[in-house]
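In: Just need the structure, nothing else, for what follows:
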Amino acid sequence: MILSSIALVLLTAAAAGLPAIWLIRDQLDRQAWTQVDQGSTAAQALYQAQQNELASLATLTAQRPSLRQLLIQGDHEATRAYLQTLQEGSGLDLVLVCDAAEPIAQAGQAFDHNLCAEESASGFHLYPDGPFPQAWLFAAHPIEDLEAEPLGTVFVGNVLDGGFAAQMRARTGLDHTVVLQGQPVASSLAARPATSCAELGAAARTTFDLQGLRYYAACFLLDRAGLAAEVALEVTEIAVTQQRLIWTLVLSIMVGVAAASLLAVLLARRISRPLARLSDAAQTMSKGDLDTPLAIKARVREVALVAQALEGARADLKRSLAELRQEKAWTDHLLEAIIEGIVTLDRRGRITFFSHGAERITGWGRDEVLGKTCDHLFRPLETDEPFSKLIPQPGRREKIPVELRDGREAILAITGAHLLPPEGGDAQVALVFRDVSEAETMHRLLGQFLANVAHEFRTPLSALAASVELLLDQAPDLSSAELEELLNSLHLGVFGLQTLIDNLLESASIEAGRFRVYPRTSSVSEIIAEAIRVMQPLLDKRHQRLVVELPVAIPLVRADARRTVQVLVNLLSNASRYGPDDVEIEVGAAVSGDWVCVTVADTGPGVPPEYRDVLFRRFIYPHTDNDRAQVGAGLGLSVVKAVVEAHGGEVGLEDRQGGGSVFWFTLPRVLES
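Out: Model prediction:
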């Protein structure tokens, strides 16, 4: 009976104790593996953040104007000092600038390999040969010159050494080992032996013993060439805890059958409840909730230690994720601050990122284009090819005319780059573009301007040369009328050149910000008379008659007489040029409040409506049927506007009844005291 009772009690104790022991072991193992898996996930995220950070640093370094200037000057010593400053300030292990396949300058750790000649620029670079195998993480970006060929390529990188492994351990809370072809090249452990981590595949679990300590480890691949990483958690204390709990249960059973049975039941419940809460907390953490603290009270010290360790892992992961979010926010802020448009595309050409600069240039909103193809966003002009076929190769720059959302045509200067190596499977294409429509327009206008100025100089110079040659050869044989005609031709040629030079000088003065007027009390009649005196020979040559209509009593004005004469000469010159021969050109003046309005009316073809808003800008050539008016410097009306507005007046254009145009400008009158 006693034996039966003892046996029954023992069986009862075993039935209660064995499940408790199994539950403790299972729960602790699950928590340990959960922590290892979370550490592996955090480590992979840190590797990705490291690659993104290096890519950002490579882009920023390549776009530094100081570096471009040093490369253009060819000062390698200064370039090396500049790279040393960048390397020390950014905490990089290596900064290297290459030209083609040869290095120009580098700063940081000694590096004996020719990185410039390697086909794959960005990503992991493995060097298993030699006494000390190494693994590096590099990012590269071309150094572009907007007016010439690319100046080279900048490489930035960090070596995956013991310091890197220690840093990863501090950020994940787990020991970290970098494995190259089965051999550890960097580890936070004292002496990690060879491992088959690279052969196990991504996210593979393994266990090992090191210096009498037990470790749970997880592996993941970094590169297909045999580079892998391993995170390891020491579980010796957990194993000791398991053994201690088992012996406690056994001793409790041996001390008293009945008491041991009751104690076993109470102990099992005491242990299982906090472990269940630990399991629930681990599940919550695995779902991404790292803000809820683990308020688990356990009377069992070992369980309390596990709870504390899990709470520490939660805090560490939360801090690491916060740092990653901060780095991502900084990168996003940097991208948004760039005025150029930045778009990233996946393998199918779908948009995965769209910066504020891209929104401003294209008129599309980010939410409207994410997930859509680039062919939907950009509609090329002058070709039937889709935009995806026109994307330039990495490191190249193309100008592509496109139609934007609002129907406006623009010329985009686009540069393409790969964010990750194509063999990685997740490669994306980054496009950086800016609207260069205005620059292209100004380039075209400048070419037209130079051609017209050359024509304007050549025509009068040819006439002057012919007249002077005729005077030199036949002066004694020419009559007075012929001499007067030649001299008049010379005068007109000199006048045309003088007007062109005056406009060029005034335009240059306006562009440089040195343009000034010096108003003083002046007579409108005298200003008009001086302008007529200057223009009369040209009008006589074209048989054009000047009609002046002034009020009987016209007040004095505050004006720079010389500049105002130039305004009238430009307006009269345009009226003569655009008008036919043997017509009248009217000059008038009228008082309007505190202003005197001067008008010049011609009988030319008029100004087309599409040119009226831009007529007083530089390099504007309205299209008319008058071949004589198709050339010119395109500066006269811009000088007119600058002079009049410098006096505080206004300038404008109206249609003339019966055909032609009326140009007018105002000058401040001198008020009688």
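
In: Tell me, please, where in the stretch 551-673 of the chain the pLDDT is lower than the cut-off.
Out: 614, 618-635, 673 (pLDDT under 70).

In: Is the closest residue to Val432 other than its chain neighbours bridged to anything, and to what?
Out: Counting by Cβ to Cβ, 6 or more residues apart in numbering, Thr415 is the residue found nearest to Val432 once chain neighbours are left out, at 4.8 Å. (Each C-beta comes from the backbone N, C-alpha and C, glycine too.) Beta-bridge partners for Thr415, by DSSP bridges, are Arg397, Val432.

In: So that it lines up with my notes, have the first residue be 15 from now on.
Out: Will do, 15 is the new start, and the previous item becomes Thr429.

In: Just the pLDDT for Thr429.
Out: With respect to pLDDT, Thr429 scores 83.

In: quick one, what contacts it?
Out: 158, 406, 409-411, 445-447 (Cβ atoms under 8 Å, 6 or more residues apart in numbering).

In: if I read this right, Val580 contacts Val657, doesn't it?
Out: Careful, residue 580 is Gln and not Val. Yes: counting by Cβ atoms under 8 Å, Gln580 does reach Val657; the two are 6.8 Å apart.

In: How about the contacts made by Leu165?
Out: Counting by Cβ under 8 Å, 6+ apart, Leu165 makes contact with 82, 85-86, 113, 157-159.

In: Please check the residues you listed and keep the buried ones.
Out: Buried members of those, scored by 16 or more other Cβ atoms under 10 Å, are 82, 85, 157-158.

In: Identify those among the residues you listed that sit within strands.
Out: Members of those lying in strands (criterion: DSSP state E): Ile157.

In: Nearest to Leu241 among the buried ones among the contacts of Leu165?
Out: Checking these against Leu241 with Cβ to Cβ, the nearest one is Ile157 at 28.1 Å.

In: secondary structure element for Arg339?
Out: Following DSSP states H and E, one finds Arg339 within helix 315-351.

In: By neighbour count, which of the contacts of Thr429 wins?
Out: Taking other Cβ atoms under 10 Å as the neighbour criterion, Phe447 ranks highest of those with 25 neighbours.

In: my guess is it meets Ala431, correct?
Out: No: the pair Phe447 and Ala431 fails to qualify as a contact (Cβ under 8 Å) at a distance of 11.8 Å.

In: longest single helix anywhere in this structure?
Out: helix 16-76 (DSSP state H).

In: Mind giving me the packing neighbours of it?
Out: Using 3 or more Cβ pairs under 8 Å, 6 or more residues apart in numbering; DSSP states H and E as the contact test, the elements touching helix 16-76 are strand 148-157, strand 166-173, helix 176-186, strand 227-237, strand 241-248, helix 250-269, helix 271-300, helix 315-351.

In: Just want the angle from that helix to helix 315-351.
Out: 20 degrees (axes from the mean of the first three to the mean of the last three Cα atoms, to 10 degrees).

In: Report the distance from helix 16-76 to the chain centre.
Out: With Cα atoms, centre = their mean, to the nearest Å as the basis, helix 16-76 stands 44 Å off its chain's centre.

In: In TSV, list the helices and strands packed on helix 16-76 along with distance to Arg94.
Out: Below are those laid out as TSV (distance: least, Cβ to Cβ, whole Å):
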stretch	distance to Arg94
strand 148-157	15
strand 166-173	13
helix 176-186	24
strand 227-237	30
strand 241-248	30
helix 250-269	50
helix 271-300	48
helix 315-351	26
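
In: could these be laid out in CSV, adding distance to Asp360 and mean pLDDT?
Out: Formatted as CSV, the helices and strands packed on helix 16-76 follow (distance: least, Cβ to Cβ, whole Å; pLDDT from 0 to 100):
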stretch, distance to Asp360, mean pLDDT
strand 148-157, 20, 88
strand 166-173, 25, 90
helix 176-186, 29, 88
strand 227-237, 21, 86
strand 241-248, 25, 88
helix 250-269, 43, 75
helix 271-300, 28, 70
helix 315-351, 17, 77
